[in-house]
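Student: when you get a sec, could you give me coordinates for this:
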Amino acid sequence: MKNKILSLLLLITLNVFMSCGKDDTNSDPGFSCKIDGTGFNASGLLAYGVNFSSYYAIYGITTGGVSLYFSLNEPKTTGTFDISKDQVEAFYTLASGKSFNSVLNNSAGSVTINSISNTNAQGSFNFVLYDDTGKNPVTISEGKFNVTFR
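Tutor: Residues are numbered from 1 along each chain as shown. The predicted structure follows:
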């Protein structure tokens, strides 16, 4: 009888530990995406958010000097925000200085804020941005961020 009880307790304990897996939320700090299919990753001090007076911005910068950032209008709230509705502006700049943005052309994309506070923001994003000629697009996909506000 004692062995059956111990076996049952062991089985229950194993079941509890096996069901406690990592969830799908973006819990690791950083900023990542694919740019035209190539991985882009920023972490540590190079992935961050900044609060400005009427908007806030999320930045990812590589050690090679490539930057990608987007800004959203206040108030800070969860939800999905669309470039085409003037809720989001996005900018991508290569180390050479060539840049792509959502301001001058018919860009597309959105940012989803899953959680946000005065100190942290987490979510996802995707964009199609254009260079200043409006003829050369860049596709930014599978974007994720978990950043601390400075």
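Student: surely Tyr69 and Tyr59 touch.
Tutor: Yes - when contacts are counted by C-beta atoms under 8 Å, Tyr69 is listed as touching Tyr59 (4.3 Å). No exception for glycine: its C-beta is placed from N, CA and C like everyone else's.
Student: what pairs with the helix or strand hosting Tyr92, parallel or antiparallel?
Tutor: Assigned by DSSP states H and E, Tyr92 belongs to strand 88-93. Here strand 88-93 is paired, per DSSP bridges, with strand 67-73 (antiparallel), strand 99-101 (antiparallel).
Student: which of the ones you listed has the highest mean neighbour count?
Tutor: Each of these was scored by mean neighbour count; the highest is strand 67-73, a mean of 21, by mean count of other C-beta atoms under 10 Å.
Student: so how far is it off the chain centroid?
Tutor: 10 Å (C-alpha atoms, centre = their mean, to the nearest Å).
Student: please export the C-alpha coordinates of it as PDB.
Tutor: Output in PDB follows, covering the C-alpha atoms of strand 67-73 (Å, rounded to 0.1, in the frame of the first residue of the first chain):
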ATOM      1  CA  SER A  67      19.600  50.400 -37.000                       C
ATOM      2  CA  LEU A  68      15.900  49.700 -37.100                       C
ATOM      3  CA  TYR A  69      13.400  51.600 -35.000                       C
ATOM      4  CA  PHE A  70       9.700  52.500 -34.900                       C
ATOM      5  CA  SER A  71       7.700  55.100 -33.000                       C
ATOM      6  CA  LEU A  72       4.200  55.000 -31.800                       C
ATOM      7  CA  ASN A  73       1.900  57.800 -30.600                       C
END
